[in-house]
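Participant: Please work out how this folds:
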Amino acid sequence: MRILLVEDDPQIGRGAQVGLNQLGYAVDWVQTGSAARTAVSTHDYAAVLLDLGLPDMDGLAVLKELRSRGYTNPVLIVTARAQTADRIVGLDAGADDFIVKPFDLDEVAARIRAATRRTTGRAKSTLQFRNVELNPANRSVTVAGVLVQLTAREFALLADLIEHAGQVMTREQLEASLYGWGDEIESNTVQVHIHHLRRKLGKEIIQTIHGIGYVVAKE
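Facilitator: Okay, here's the model as predicted:
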């Protein structure tokens, strides 16, 4: 899952980026409201973590502009402003959640998962396709109840395909979801991950649509 972090404090921003990377997220980090607007207009983020006290404009102005442009993916405010009035204003402006600094990264990750579930209309916390079940909370995968070990990128790729079951995903779409700015991507990276997933889960789980991409086909 690729997310955008909008945070002007270098220490907080770098720490959050590294920590969320370790939790399996691809994180693009920007430090201004104008950079956030540009990033959202050029990339498809599963969620945005938005600070309010930005150097060039207030985060609320960024949020209102995104919503006025029709941006519907989750936006979670992450700020030092702790007053109830600030929470009300932020939520009424279109935020999906309001997180007060200092924050726990595991809790932030849980709130991201909850917000994205609401956006996709999925009530269950786990993802399931046939006999394969994914638990994003602890990044575990079972096949017919048997635990299977996946790397963070393999898990993210499988989750993306299952969340879009029945929809063919191109290599470019999958790369955009798995990797952030500055990540080195080999030309056959997705193909290698698919190969490993088929070896671990079974060849019938992921189908190749030649010349287009990959899909987990609905029954």
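Participant: Which of the three states applies to the closest residue to residue 110 other than its chain neighbours?
Facilitator: Distances taken as Cβ to Cβ, 6 or more residues apart in numbering place residue 137 nearest to residue 110, at 7.0 Å, with adjacent residues excluded. Just so you know, the C-beta spots here come from the backbone N, C-alpha and C atoms, and that holds for glycine as well. Secondary structure assignment for residue 137 (DSSP: H, G, I helix; E, B strand; the rest coil): coil.
Participant: since we're on residue 137, how many residues are nearby?
Facilitator: For residue 137, the tally of surrounding residues (other Cβ atoms under 10 Å) stands at 12.
Participant: any idea of the mean pLDDT in whichever helix in the chain runs longest?
Facilitator: Using DSSP state H, we find that the single longest helix of the chain is helix 105-120. For helix 105-120, the mean per-residue pLDDT is 89.
Participant: before we move on, the earlier item: please look at the residue nearest to residue 110 and residue 125 and confirm they touch.
Facilitator: Yes. The pair residue 137 / residue 125 is scored as a contact, 6.4 Å apart, by Cβ atoms under 8 Å.
Participant: which SS state does the residue of the chain most remote from its centre fall under?
Facilitator: In the chain, the greatest distance from the average C-alpha position (Cα atoms, centre = their mean) is reached by residue 85, at 28.4 Å. With three-state DSSP as the basis, the three-state label of residue 85 is helix.
Participant: Now do the helices in this structure.
Facilitator: Along the chain, the segments classed as helices by DSSP H run 10-22, 33-42, 59-68, 84-92, 105-120, 152-163, 171-178, 189-201.
Participant: of these, which approaches residue 132 most closely?
Facilitator: helix 189-201 (6.0 Å; Cβ to Cβ).
Participant: quick revisit: what pLDDT does the model give the residue nearest to residue 110?
Facilitator: 83.
Participant: Identify the residues contacting it.
Facilitator: Neighbouring residues of residue 137 by Cβ atoms under 8 Å, 6 or more residues apart in numbering: 110, 113, 125.
Participant: thought the second one was touching residue 124?
Facilitator: No. With contact taken as Cβ under 8 Å, residue 113 and residue 124 are classed as non-touching, separated by 11.3 Å.
Participant: re the thing from before, any residues in contact with both of residue 137 and residue 125?
Facilitator: Contact criterion Cβ under 8 Å, 6+ apart; residues shared by residue 137 and residue 125: residue 113.
Participant: how many neighbours does residue 208 have?
Facilitator: Residues lying near residue 208 (other Cβ under 10 Å) number 13.
Participant: Can you name the residues bridging to it?
Facilitator: residue 214 (DSSP bridges).
Participant: What separation do you get for it and residue 159?
Facilitator: Counting by Cβ to Cβ, to the nearest Å, the gap between residue 208 and residue 159 amounts to 19 Å.
Participant: what residues are up against the closest residue to residue 57 other than its chain neighbours?
Facilitator: Spatial nearest neighbour of residue 57, chain neighbours left out: residue 33 (3.9 Å); criterion: Cβ to Cβ, 6+ apart. By Cβ under 8 Å, 6+ apart, the contact set of residue 33 is 6, 54, 56-59, 61-62.
Participant: Weed out the non-buried ones from those residues.
Facilitator: Buried subset of the contacts of residue 33 (neighbour count, 16 or more other Cβ atoms under 10 Å): 6, 54, 59, 62.
Participant: so residue 52 makes contact with residue 82?
Facilitator: No. Using Cβ under 8 Å, residue 52 makes no contact with residue 82, being 11.3 Å away.
Participant: Appreciated, that's everything.
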